[in-house]
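Undergrad: Sequence isn't available, so here's the structure alone:
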């Protein structure tokens, strides 16, 4: 049985985690998932899985493959030149990716104080017991990209 190879490309995003509810760093990770012999015979080869991983609870948020490759390229380019112009370009390129909005929306979910059910961010009342949404206690600032400062 082959082992999975995981590469941590460092911090990419600072936002609230939908799992542990803390506001912290998410790192971009790349996992190589090797195919077994039978899959290779069927021409199904190794694949990569990209995630944003919460550094507090290791919650993984899936990143589409094309966006993972794009982000790695942008991080590598930016790590070599940290001028203000390059940082502005980094921010503009990162704003093109879609998974950030998904992660932010998930992080705004809430737990019902009455029945303890997890409720999606867009519900004003608990879907399980109809308890109204409690006053939100902050932490809903939008995600911020962390510019790379070292080699990827």
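TA: Looks like it arrived, so ask away. In this text, all values refer to a predicted model and were calculated from it rather than measured experimentally.

Undergrad: Just give me the neighbour total for residue 120.
TA: Number of residues near residue 120 (other C-beta atoms under 10 Å) recorded here: 11. Glycine gets a C-beta too; all of them are placed from N, C-alpha and C.

Undergrad: Now name the helix or strand holding the most centrally placed residue in the chain.
TA: In the chain, the centroid-proximal residue (C-alpha atoms, centre = their mean) is residue 52; its distance is 3.1 Å. For residue 52, the host element (DSSP states H and E) is strand 47-54.

Undergrad: Kindly report the same for residue 21.
TA: According to DSSP H and E, residue 21 maps onto no helix or strand at all.

Undergrad: mind listing the strands in the protein by residue range?
TA: Shown for the chain, the strands assigned by DSSP state E span residues 5-16, 23-33, 47-54, 60-63, 110-111, 118-119, 144-145.

Undergrad: starting at the chain centroid, how far to stretch 18-32?
TA: 5 Å (C-alpha atoms, centre = their mean, to the nearest Å).
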